[in-house]
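Visitor: quick one, fold the following:
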Amino acid sequence: FTAGNWDARGRSAAERSATAGAGALAWAEEVVKGKSLKDLGALAKSSVDLGAATGTFTPGTQRFAFALTTNAGKFVYAPTAIYLASSPGAPAKGPFLAPADPMTVQAQYRSKQNAGPGGIQAIYAAKVPIPKAGTYFVLALTKGPSGTIGATGELAAAPSSEIPGVGDRPPDIATDTAATVHGNNQLLTTRLPPESMASVSFNQVLGKRPVALLFSTPQLCISRVCGPVTDVAVQVQHRFGNQVAFIHEEVYVDNQPSKGLRPQLRAFHLRTEPWLFVMNRKGTIVARLEGAFGTNEVTQAIQTALR
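Guide: Residues are numbered from 1 along each chain as shown. Modelled structure (predicted):
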């Protein structure tokens, strides 16, 4: 049961999972019934690996994004819910529905870094409540065609984070444009072909119009999802570019990892990639997406900024 499965309507497994919604939640609520995380895990007939795509958590409702893969490295897509507990034997909190958000784009928006077969098609993401700082155990239960599939993980929540969040005004940074790189446009982006997200500096538009600020490096990405998420941003820009300023900032000084992070990332207290911050016309952050994200989440973030 992998990313290669398509139904009679031409929908991929990832797309079917993304639209499974209400039925998946009803199933997920039925299985919990006051059980511990360990009890719920025993319901799984098989297991896969959970790869977390987010690592920054503080108390409050937080986005937990992840991928599911088999031992052979194939991605798994099906209705999925998340459960949390302070220990495996503690009562499970949940279910928190985790729809699979498609990361595939139309051919004209696909970069060379994202052109190969077998790549990730979608990313799961759930909104989970974190009551206080500490370590939490995570269980993902997936309704597969041959029974329930389980995957386990952990998340560590810190008391606070210096990274700007929803409701904050971000640092008023100057991002790179053709003028700042003195015409050397290769310093603006490592994406092939180059995108058009450097016409203005962030500090020129913050508080004047909605802005989507993406920190990613398609060619040099450690997380290996910068290419796909930048392509997602390019596709969404095609729809909303006349209403929102889309800005892409590369990660490393002169695109050389040995020179360290660019000052723009340090101003945001970022140490990983990719990140997307979406601001409304007042300059307030309305969405913050860490790691992998798909078309639905980006579109929703943009629509929130336009309200």
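Visitor: contact partners for residue 63?
Guide: 54, 125-128, 289-290 (Cβ atoms under 8 Å, 6 or more residues apart in numbering). Backbone N, C-alpha and C define where each C-beta goes, glycine included.
Visitor: just residue 174 next, same as before
Guide: 180, 201-203, 264 are the contacts of residue 174 under Cβ under 8 Å, 6+ apart.
Visitor: looking at the contacts of residue 63, which are in strands?
Guide: 125-128, 289-290 (DSSP state E).
Visitor: in a helix, that's where residue 118 is, yeah?
Guide: No. Applying DSSP: H, G, I helix; E, B strand; the rest coil, one finds residue 118 to be coil, outside a helix.
Visitor: what about it, how many residues close to it?
Guide: Counted by other Cβ atoms under 10 Å, the residues lying close to residue 118 total 11.
Visitor: distance of it from residue 226?
Guide: Distance from residue 118 to residue 226, counting by Cβ to Cβ, to the nearest Å: 17 Å.
Visitor: likewise residue 93?
Guide: In terms of Cβ to Cβ, residue 93 sits 32 Å off from residue 226.
Visitor: do the same with residue 252
Guide: 12 Å.
Visitor: how about residue 72?
Guide: 25 Å.
Visitor: tell me which of those two has more neighbours.
Guide: Set residue 72 next to residue 226 and count neighbours by other Cβ under 10 Å: residue 226 wins out with 28 against 6.
Visitor: surely the more buried one and residue 216 touch.
Guide: Yes. Look at residue 226 against residue 216 with Cβ atoms under 8 Å: they come within range, at 4.0 Å.
Visitor: identify the contacts common to those two.
Guide: 251, 273-274.
Visitor: possible to save the residues you listed as JSON lines with pLDDT?
Guide: Formatted as JSON lines, the shared contacts of residue 226 and residue 216 follow (pLDDT from 0 to 100):
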{"residue": "251", "pLDDT": "98"}
{"residue": "273", "pLDDT": "96"}
{"residue": "274", "pLDDT": "98"}
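Visitor: name the element the residue lying farthest from the centre of the chain belongs to?
Guide: In the chain, counting by Cα atoms, centre = their mean, residue 182 sits farthest out from the average C-alpha position, at 32.6 Å. In the assignment (DSSP states H and E), residue 182 maps to no helix and no strand.
Visitor: contact partners for it?
Guide: Here residue 182 is in contact with no residue (Cβ under 8 Å, 6+ apart).
Visitor: next one: residue 160 from residue 58, what distance?
Guide: 6 Å.
Visitor: in the stretch 1-150 of the chain, which spans are strands?
Guide: 46-47, 49-52, 60-69, 80-85, 93-97, 100-102, 122-130, 134-144, 147-157 (DSSP state E, counting those that start in this stretch).
Visitor: so which of the ones you listed comes closest to residue 167?
Guide: For these, the distance to residue 167 is smallest for strand 60-69, at 10.7 Å, taking Cβ to Cβ.
Visitor: contacting residues for residue 217?
Guide: Counted by Cβ under 8 Å, 6+ apart, residue 217 has contacts 190, 226, 250-252, 255, 273-274.
Visitor: now list the buried members of those residues.
Guide: By neighbour count, with 16 or more other Cβ atoms under 10 Å, those hold 190, 226, 250-252, 255, 273-274 as buried.
Visitor: most widely separated two among those residues?
Guide: Maximum pairwise distance among those (Cβ to Cβ): 14.9 Å, between 255 and 274.
Visitor: low pLDDT regions in the stretch 101-250 of the chain?
Guide: For the stretch 101-250 of the chain, no stretch has pLDDT under 70.
Visitor: which residues in it form helices?
Guide: 202-205, 226-240 (DSSP state H, counting those that start in this stretch).
Visitor: contacts for the last one?
Guide: Spelled out, it's helix 226-240. With Cβ under 8 Å, 6+ apart as the criterion, helix 226-240 contacts 103, 105-106, 109-111, 113-114, 119-120, 191, 195-197, 212, 214, 216-221, 244, 246, 248, 251, 273-274, 276, 292-295, 298-299, 302, 306.
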